[in-house]
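*Asks:* Provided below are the primary sequence and the corresponding predicted coordinates.
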Amino acid sequence: MDAICYKIEKREKLRKQYSIKEKEDREGQTAGCKEIKDLLQGMLINNAQSADKTRLAMIRATAAGCQSNEDRAVTVMVHRHQALAGGLCATSVKKYIAALNCWEQFATTLGGHPPGKELPPTVDGLAAWSRMFSIRRTFTGYMVNLRSACMLAGVKIDAFSDPIIRKAEWTVKQMQAPKKEKLFITMTVLEKLITTVRRETDWASEFAYILSYAFMLRVQNECLPVRIGDPVEWDTGLQEGAHSCLFIKDNKAFLMLKKRKNMKDGARIVRECWCQQSTKTCPVHGLGRFIKKMDVGHTPLQGLNLRRFNEELRTRLVHNKIAKGRLFSSHDFRRGHSKDLTDKGSNIGQILAAGQWSSTAFMAYQNKQEIETKAVKALHEVDDSEESSVLSPDDE
């Protein structure tokens, strides 16, 4: 009896955990976005799969735990959810939930869906939803994640393949704003900015400008929350809940980030002194003169936010008569450092490593014609030692 009760309890727990319904056929059924968000969180925790068993061994082990047709049905549904959520990680769950939150808000306020019955979406609803987007790629990504959520819920997904939706995607693309011109805060521009902020005695901006340029940081998520750390953390790992660890040691600047885009396990970045090239922007001494006065755990830029950062940056660029100063943004520090590396002859591998880019992201920042021109020039350049060994026609 205890064994039977245990099996029933286990089966009901699985049903609740994976939101399994009595009927697999949910034609005409509806589902709530909250239901799927809870399911995704559960899948994130329970999406592990054994890698030390063969396929046949896994089938036998799974079948051994199914004593009835109902057990088998529950097991199949569990594995179905795991297959649909394959490769699920914290980042992908955020994307799913972002799409669900956006659709839920639209469906309940404008789409006429009752709360708890936002899924499946209708063709008209998706077409109207598309007008909330200004970039086609974003709309397509949200559509893909919402469609996957509907598959997890077991509701109809016919609306997503309707020709009207393809037309809506094309319309979003046609109406999206033209791409912003690529601008660069190079070292020359940075030196002018440092001169300006020193005159204003704005040490926080000076710290932020050097930090974001030197380490090629995304200002909002990586630069502004930066934390002064202890060198011991480089070996032992970041303290619990810490965003980052910045310190100076052995004439080098060290930065460890808990999270970084395109980097699954965070990032570790080291910069050496470049005072011979530019004393104002050197990450070791430019940042070091501030860091030595700060305690471990201090967050020196906590008083800055992205809006203020960009507004002050543009004002200073205009003051320094930098062309199109009002169009610059925080990301141009990262972009500018990559351009400096390109101009000084660094190869693409070195630049990717310095900024920890995926190759496609790096190339999107660059003037491709300029890179090609410099690459061809570098290929055909002959240094002095090679030139002396080349025979002229007269020498033959």
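*Replies:* Sure thing, it's come through.

*Asks:* host element of Phe309?
*Replies:* Assigned by DSSP states H and E, Phe309 belongs to helix 306-319.

*Asks:* Pull the residues that contact that helix.
*Replies:* Defining contact as CB atoms under 8 Å, 6 or more residues apart in numbering, one finds that helix 306-319 is touched by 189, 193, 196-197, 202, 205, 208, 219-220, 224, 325-330. Any C-beta I mention is one placed from the backbone N, CA and C, and that applies to glycine too.

*Asks:* mind redoing it with 6 Å?
*Replies:* Residues outside helix 306-319 that contact it (CB atoms under 6 Å, 6 or more residues apart in numbering): Leu193, Thr196, Gln220, Gly325, Arg326, Phe328, Ser329, Ser330.

*Asks:* Give me the distance between Val245 and Ala323.
*Replies:* Wrong residue type there; residue 245 is Cys, not Val. Cys245 sits at a distance of 38 Å from Ala323 (criterion: CB to CB, to the nearest Å).

*Asks:* Export the host helix or strand of Leu190 to CSV, keeping only CA atoms.
*Replies:* For Leu190, the host element (DSSP H and E) is helix 187-199. This file holds the C-alpha atoms of helix 187-199, laid out as CSV (Å, rounded to 0.1, in the frame of the first residue of the first chain):
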residue,chain,number,x,y,z
MET,A,187,42.3,57.6,-27.5
THR,A,188,42.7,61.0,-29.0
VAL,A,189,39.1,61.9,-28.2
LEU,A,190,39.4,60.3,-24.7
GLU,A,191,42.4,62.5,-23.8
LYS,A,192,40.4,65.6,-24.6
LEU,A,193,37.5,64.3,-22.4
ILE,A,194,39.9,63.6,-19.5
THR,A,195,41.3,67.1,-19.8
THR,A,196,37.7,68.5,-19.6
VAL,A,197,36.6,66.4,-16.6
ARG,A,198,39.7,67.2,-14.7
ARG,A,199,39.0,70.9,-15.2
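
*Asks:* Any buried residues in that helix, and which?
*Replies:* Within helix 187-199, the residues that qualify as buried by neighbour count (16 or more other CB atoms under 10 Å) are Met187, Val189, Leu190, Lys192, Leu193, Ile194, Thr196, Val197.

*Asks:* tell me the angle of it relative to helix 306-319?
*Replies:* Taking axes from the mean of the first three to the mean of the last three CA atoms, to 10 degrees, helix 187-199 and helix 306-319 form an angle of 100 degrees between their directions.

*Asks:* which other helices and strands contact helix 187-199?
*Replies:* helix 203-214 (3 or more CB pairs under 6 Å, 6 or more residues apart in numbering; DSSP states H and E).

*Asks:* I'd like to know which elements the helix it packs on is packed against.
*Replies:* helix 187-199, helix 283-291, helix 332-343.

*Asks:* Ok, which of those helices comes nearest Ser130?
*Replies:* helix 332-343 (30.4 Å; CB to CB).

*Asks:* buried residues in the closest one?
*Replies:* Those would be Asp332, Phe333, Arg334, Arg335, Gly336, His337, Ser338, Lys339, Asp340, Leu341, Thr342, for helix 332-343 by 16+ other CB under 10 Å.
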